[in-house]
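Using only what follows, build the 3D model:
(2 chains)
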Amino acid sequence: MDIFETPLPGVGVRYEFTAEGGDHIGVVVRRDGKRDLALYDREDPDACRGTVELSEGDSGKLADLLGGTNIIARLEDLRHTIVGLAIEWVTMPRSGGLVGRSLAEGRIRTVTSASVVAVIRGDQGIPGIEPSFIFEPGDVVLVMGSDEAVDRAAAILTG
Amino acid sequence: MDAATAPFTGLRVAVEGAHGGDTALVFIELGVVFLVLALLGRLAGRIGIPSIPLYLLAGLLMGDGGFIPISAGEEFLSIGAQIGIVLLLLLLGLEYSPDDLRVGMRTTWQAGLLDLALNATPGLLVGLMMGWSVTASVLLAGVTYISSSGIIARLLDDFDRVANRETPVILSLLVMEDIAMALFLPILAVMLVGATLLQGAIAAAIAIAIVAAAFLFAMRFSRQLSTVVHSHSRELLLLSVLGLAFLVAGLAEAVQVSAAVGAFLLGLTLSGNVADQLRSLMPPLRDVFGGIFFVFFGISIDPRDLWPVLLPALGLALVTAVTKIVTGVWAARRVGIGPKGQWRTGLSLIPRGEFSIVIAGLGVAAGAQPLLGPFAAAYVLTLAIVGSILMRYADHIPSPLKPPAPRSRSRTPV
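As a prediction, the model looks like this:
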């Protein structure tokens, strides 16, 4: 399933996809965090049959109901609160970098001041990464810190 | 008219005797002006049209030849109107990130050129046909060219069309027009000073170079400047930004780039957190001073001057409504929007508003052509109201466009 992204100058970004049943669904993410959920018209596919305006809280609830996770939205919140905070998802390569080695060996925290916060392995999210944690190929690692620190941490992780 | 002025004349006599009578009169006049605006704003909301045309109308009814005389408060209104322009443009710049401009320019420049050619030309020609000077005709071209991003963005939201597929086309065209205006205003400023062609060309080149340099500066140092201005105190943030805006506007005016462009570029430069905060903090301030600007523009026009320009203004409104529809249909068709969406795009571009008045206001202030003010007022009044109504009922207005042909969409996957 492809999600299409279109920038809306002065408003935000619109995402849309075609559901398996054939309906087109769109979400407008506004710059102030509000979302518009839109269902496109079958007769006139450029117009909406209806739209629902959702606050950030509403979108979180809806996402929970639909079975997703709103971790990304929460991270966005954090980014708004702390100026200059960079948050990056780093995907581990097949080999090299820290693959097959532990978090402690990488000395990321000491060298770069960035923190490894969580890892997503397969469908599972692993919070609270211990120093003895061993990275595997394909792990998605969540790193936080200043822009520069995150870049350097990513370099250590992926080699 | 007499019935309306009588109580005020009486008041004037009464208060002028007292100490500080002038202050009293200024307050009373401003009070009346603001209350009239508040009343009209409510009315506009009730009947579902934008408030700008009603503010203009209120201004026409005040001042010389109107029903409510405004004299003592005029000085404040005149400066307030200038502040209104600066705030309108500052907030316009804040609406867009430099990225929006880049994306807009890359995806829509052909449509932007068509927009310019189709919609500026009628204004230029009508100006020349009426025997106006080249400068005044170019001003009129600006008036007919630029759609009202304020009215249109607001109505897209009101009519729940933000998620529609044609909306990015509309918004990108508005962005292009705003960029064009940033280049157009300094050139205008030079023309208004009345330089010779060569002097004008040199000065215009310098003005554009300054704008381009400021633009690059905006793209490059946006983060640094935003960090410096940033403050958690709303008071300090507002003071810093207003101070910066007036300073930049003044400096820009001094080198003949026009205060409005300075404010616009400052708005573009501010980004991130600061821009987010300002977008929630400043609109009320802009709306108050913007309201003053529209009223003041109306006040400076004697409604009796409207009659001779009414017919050409209505004719030009009709022609430039059609040319905007053509622009919109073409731009929407290019990116694979269906006929109904093309029709909506065309109709949505018709409203003219604040920036047409800003451009005309520059000419009026410089005395370029006495009829420009009334002409622009009649033109904007018509298209702001008619355009909003056409936009609202776009889906119910029979469209001359043919039903769908096989379509292809070009969109970028994430």
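
any low-confidence regions in chain A?
Regions of chain A meeting the criterion pLDDT under 70 cover residues A:1, A:67-81.

which bits of it sit near chain B?
Taking Cβ under 8 Å from any Cβ of the partner chain as the criterion, the neighbours of chain B within chain A are A:2-11, A:14-15, A:26-28, A:31-32, A:36, A:38, A:40, A:44-48, A:50-51, A:80, A:83. In this view, the C-beta of every residue, glycine as well, is placed from N, C-alpha and C.

now the residues you listed: which count as buried?
Neighbour-count burial within the residues of chain A next to chain B applies to A:4, A:6-11, A:14-15, A:26-28, A:36, A:38, A:40, A:44-48, A:51; the criterion is 16 or more other Cβ atoms under 10 Å in any protein chain shown.

Can you report the mean pLDDT over the residues of stretch B:388-396?
On average, the pLDDT along stretch B:388-396 is 91.

Tell me the buried residues in that stretch?
Applying 16+ other Cβ under 10 Å to stretch B:388-396 flags B:S388, B:I389, B:L390, B:M391, B:R392, B:A394 as buried.

for stretch B:222-235, same thing?
Using 16+ other Cβ under 10 Å as the test for burial, stretch B:222-235 gives B:S222, B:L225, B:S226, B:V229, B:H230.

Show me how chain A divides into domains.
Using automatic domain parsing, the domain ranges for chain A come out as A:4-68, A:82-158.

In terms of helices and strands, where is A:S59?
helix A:56-65 (DSSP states H and E).

Identify the residues contacting B:G353.
Neighbouring residues of B:G353 by Cβ atoms under 8 Å, 6 or more residues apart in numbering or on different chains: B:P50, B:I52, B:P53, B:S147, B:S148, B:G150, B:I151, B:V380, B:A384.

Apply 7 Å and report the result again.
B:P50, B:I52, B:S148, B:G150, B:I151, B:V380, B:A384 (Cβ atoms under 7 Å, 6 or more residues apart in numbering or on different chains).

how close does it get to B:S388?
9 Å (Cβ to Cβ, to the nearest Å).

okay, and the common contacts of those two?
What both B:G353 and B:S388 touch, as defined by Cβ under 7 Å, 6+ apart, is the set B:P50, B:I151.

near chain A, which residues of chain B show up?
Within chain B, the positions lying close to chain A (Cβ under 7 Å from any Cβ of the partner chain) are B:95-96, B:100, B:103-104, B:153, B:160, B:162-168, B:171-172, B:175, B:230, B:273, B:276, B:337-338, B:340-341, B:411-414.

what's the closest non-adjacent residue to residue 48?
The chain I'm using is chain A. A:A38 (4.4 Å; Cβ to Cβ, 6 or more residues apart in numbering or on different chains).

think we crossed wires, I meant chain B
Nearest to B:G48 is B:R392, by Cβ to Cβ, 6+ apart, at 7.0 Å.

what does B:S172 give?
B:T108 is the one closest to B:S172 (Cβ to Cβ, 6+ apart), at 4.0 Å.

likewise A:F17?
Closest to A:F17 by Cβ to Cβ, 6+ apart is A:I3, at 4.7 Å.

For that neighbour, give me phi and psi.
When read as degrees, to the nearest 10, the backbone of A:I3 gives phi -110, psi 130.

Would you confirm that it contacts A:A19?
No - using Cβ atoms under 7 Å, A:I3 is not in contact with A:A19; the gap is 11.5 Å.

any idea how far the residue nearest to A:F17 is from B:A366?
52 Å.

As a quick check, tell me the outermost residue of chain A.
Distance from the C-alpha centroid of chain A peaks at A:E43, with 33.9 Å (Cα atoms, centre = their mean).

which SS class is it?
What DSSP: H, G, I helix; E, B strand; the rest coil gives for A:E43 is coil.

Let me know the distance separating it from B:M391.
20 Å.

Ok, B:D115 next?
Relative to B:M391, and taking Cβ to Cβ, B:D115 is found at 17 Å.

With A:C48 instead?
Counting by Cβ to Cβ - A:C48 and B:M391 are separated by 16 Å.

Just want the residue of the stretch 51-200 of chain B that's nearest chain A.
Ranked by Cβ to the nearest Cβ, the top residue of the stretch 51-200 of chain B for proximity to chain A is B:A163, at 3.4 Å.

Which helix or strand contains the closest residue in space to that residue that isn't next to it in sequence?
Leaving aside its sequence neighbours, B:A163 sits nearest to A:A38 (Cβ to Cβ, 6+ apart; 3.4 Å). Per DSSP H and E, A:A38 falls inside strand A:35-40.

For that strand, which outside residues touch it?
When contacts are defined by Cβ under 7 Å, 6+ apart, strand A:35-40 is touched by residues A:23-29, A:48-54, A:59, B:162-163.

hmm, try it at 8 Å
With contacts defined as Cβ under 8 Å, 6+ apart, strand A:35-40 is touched by A:16, A:23-30, A:46-54, A:56, A:58-59, A:62, B:162-163, B:165.

Give the rounded mean pLDDT of the helix or strand where B:I292 lies.
For B:I292, the host element (DSSP H and E) is helix B:283-299. Helix B:283-299 shows a mean pLDDT of 91.

tell me which strands and helices that helix is in contact with?
Secondary-structure packing of helix B:283-299 (3 or more Cβ pairs under 8 Å, 6 or more residues apart in numbering or on different chains; DSSP states H and E): helix B:21-47, helix B:52-61, helix B:74-95, helix B:354-366, helix B:372-392.

Now with 6 Å, please.
helix B:52-61, helix B:74-95 (3 or more Cβ pairs under 6 Å, 6 or more residues apart in numbering or on different chains; DSSP states H and E).

now for those, which one comes closest to A:S102?
Between A:S102 and the helices and strands packed on helix B:283-299, the tightest spacing by Cβ to Cβ is seen for helix B:74-95, at 47.3 Å.
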